Structure formats: structure tokens, C-alpha cells
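Trainee: Test case, fold it:
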Amino acid sequence: MSSTVQTIPLINLLVAFVPVALVVGIIGCWRLDTKNALYAIARMLLQLLLIGYVLSYIFDSDSSAFIVAVLIVMVFSSSWIALGSIKQHRRTLFRYALLAIVIGGGVTLLCVSQGVLTLSPWYSPRYVVPLAGMIFASSMNSVSLAGERLHAEMMRGESYQTAKNIAFQASIIPVVNSLLAVGLVSIPGMMTGQILSGISPLIAAQYQVMVMCMVFGASGISSALFLVMVKNVDLTE
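Mentor: Next up is the predicted model:
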């Protein structure tokens, strides 16, 4: 297989925005808020352009302290974003979300980087940073869903135990669905990217198995820890 990745000309890349423009048009025709969609698209463009430059610098780094600093920023950011759906309790719950994501995501990252890939040095930025991004994002999403559902169930008058179980089940629905759909409904982004870059589909599949396991593990551990730690927090206020 060819290992050459096709370069996308800028004019061709603009074609990808045709369906985007159609969706924005639908939002406008239905008299919905187009500002939020346009803001999200603009942020996506800016953030991806910036991360392209930043990752080039990060990948060239040979400093373990710098990579740890990058991971800390990722963890703090994901913990704060995770609680966006329950803003009235955000500051109270932040430390629990942070600890849950650090433990759930950290343990998973350690298993993958040292147990599966056996990276040397352990902080190899080209591997650690992208993997950490996927892991912490998964933990963030599961904690966000768990927190929002726990709050909703307790506001309905459910006991903590019942609300906790419902919230945990809800928090892992997306990742369970992705496990069921992978290979049948979807070919995940990482696997697709590797195949497009010329990697053997069998090797790409092995990496994707690793990714799916780490996403499921990080999501489940983080949401479970978060739900256990917030047991004594009154979310009905």
C-alpha cells in the first residue's frame, strides 16, 4: 500500500463546507439560532489551525516537564467543561470531576502508553498527547452526562442510589453504542486516518481496538468515581 498521504488543496477543502452551509441555511429558514452554529464553526476553524501549529512544536519537544504541563492543562480544561450542563453547582463539583478524570484517565493512559505501546521515553509527545486527548475527552463526556443525569434524577426526587445507577448507565450509552457500531456502522476516525495514510487495515484495526478499550475504560472509571465522590453533595438546591 502507498504510504503517501494525499494533500488537500485549499479550494478542494472549501467543498467540505457545502453541507455545512446547507445546515446553517436550514437553521436560518427554521428561524432557529444561527449564531451558535456559526460561532461553533468559526471556533473549530481557529482551534484546528492553532492546534496544527502547536502540535508541531509539542511533537518536537524533548522535555518531560513540558509534556506534563500540557497534560495538566488538558485535565483541568476537560474537568471544567464537563460541568457545563450544571453550572449552578460547577464550582462545588469541579474538584470531584478533576479527581475522577485524573484517576480514570490517568490509569487508562498509563496502561496504554506503558502496557500496550511500551513507549520509551514514557512521555513521547507524538503518542502521549493525542492519546491523552482522546482519553480525557472521553472521561469529560462521561462525567458530563453522569453529572447532568444525576442532577436531573435527584431534582425529580429519586434517591441517591437510584439516581446514581441511572446516571452511570446514561453516561456510558454513547461509548457502548460506539462499541456495538464499530466495523458495522462506522469506521472510526483514527482507523480511517491510518488507512488513508497507507497503514495496513489489520494494523489499523489493532490500534482501533486499543483506542476503543481505552475510551470505554476511561469513560466508565471516571463517571463511576465522580458519581461515588459526589454522594454527599446536595444537588437539589
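
Trainee: Now do the contacts for V15.
Mentor: Counting by CB atoms under 8 Å, 6 or more residues apart in numbering, V15 makes contact with nothing. (Glycine included, C-beta is placed from N, CA and C.)

Trainee: Quickly list the domain ranges of this protein.
Mentor: 1-60, 63-229 (automatic domain parsing).

Trainee: Which among these is found nearest to L235?
Mentor: domain 63-229 (4.7 Å; CB to CB).

Trainee: Let me see the confidence value for the residue of the chain most remote from its centre.
Mentor: Relative to the centre of the chain, and counting by CA atoms, centre = their mean, the farthest-placed residue is C29 at 31.8 Å. Among the per-residue scores, C29 holds a pLDDT of 94.

Trainee: V5 now?
Mentor: 60.

Trainee: Make residue 1 into 198 and carry on from there
Mentor: That works, and once the first residue is 198, the last one we named lands at V202.

Trainee: May I see the buried residues of the lowest-mean-pLDDT helix or strand in the chain?
Mentor: Least confident helix or strand of the chain, by mean pLDDT, DSSP states H and E, is helix 386-393 with a mean of 76. Buried residues in helix 386-393, defined by neighbour count with 16 or more other CB atoms under 10 Å: M387, M388, Q391, I392.

Trainee: What of stretch 209-226?
Mentor: I224.

Trainee: That one: how far from the chain's middle?
Mentor: Distance of stretch 209-226 from its chain centroid, counting by CA atoms, centre = their mean, to the nearest Å, is 25 Å.

Trainee: now do stretch 259-272
Mentor: Remark: stretch 259-272 is offset 17 Å from the chain centroid, using CA atoms, centre = their mean.

Trainee: For that stretch, list the C-alpha coordinates in PDB.
Mentor: Output in PDB follows, covering the C-alpha atoms of stretch 259-272 (Å, rounded to 0.1, in the frame of the first residue of the first chain):
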ATOM      1  CA  ASP A 259      12.100  16.600  24.400                       C
ATOM      2  CA  SER A 260      11.000  17.900  27.800                       C
ATOM      3  CA  SER A 261       9.000  15.600  30.100                       C
ATOM      4  CA  ALA A 262       8.100  18.700  32.300                       C
ATOM      5  CA  PHE A 263       6.600  20.400  29.200                       C
ATOM      6  CA  ILE A 264       4.500  17.300  28.300                       C
ATOM      7  CA  VAL A 265       3.300  17.000  31.900                       C
ATOM      8  CA  ALA A 266       2.300  20.700  31.800                       C
ATOM      9  CA  VAL A 267       0.300  20.000  28.500                       C
ATOM     10  CA  LEU A 268      -1.500  17.100  30.200                       C
ATOM     11  CA  ILE A 269      -2.300  19.200  33.200                       C
ATOM     12  CA  VAL A 270      -3.900  21.900  31.000                       C
ATOM     13  CA  MET A 271      -5.900  19.200  29.200                       C
ATOM     14  CA  VAL A 272      -7.200  17.700  32.500                       C
END
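
Trainee: Isn't Y293 up against F423?
Mentor: Yes: between Y293 and F423 a contact is recorded at 5.7 Å, counting by CB atoms under 8 Å.
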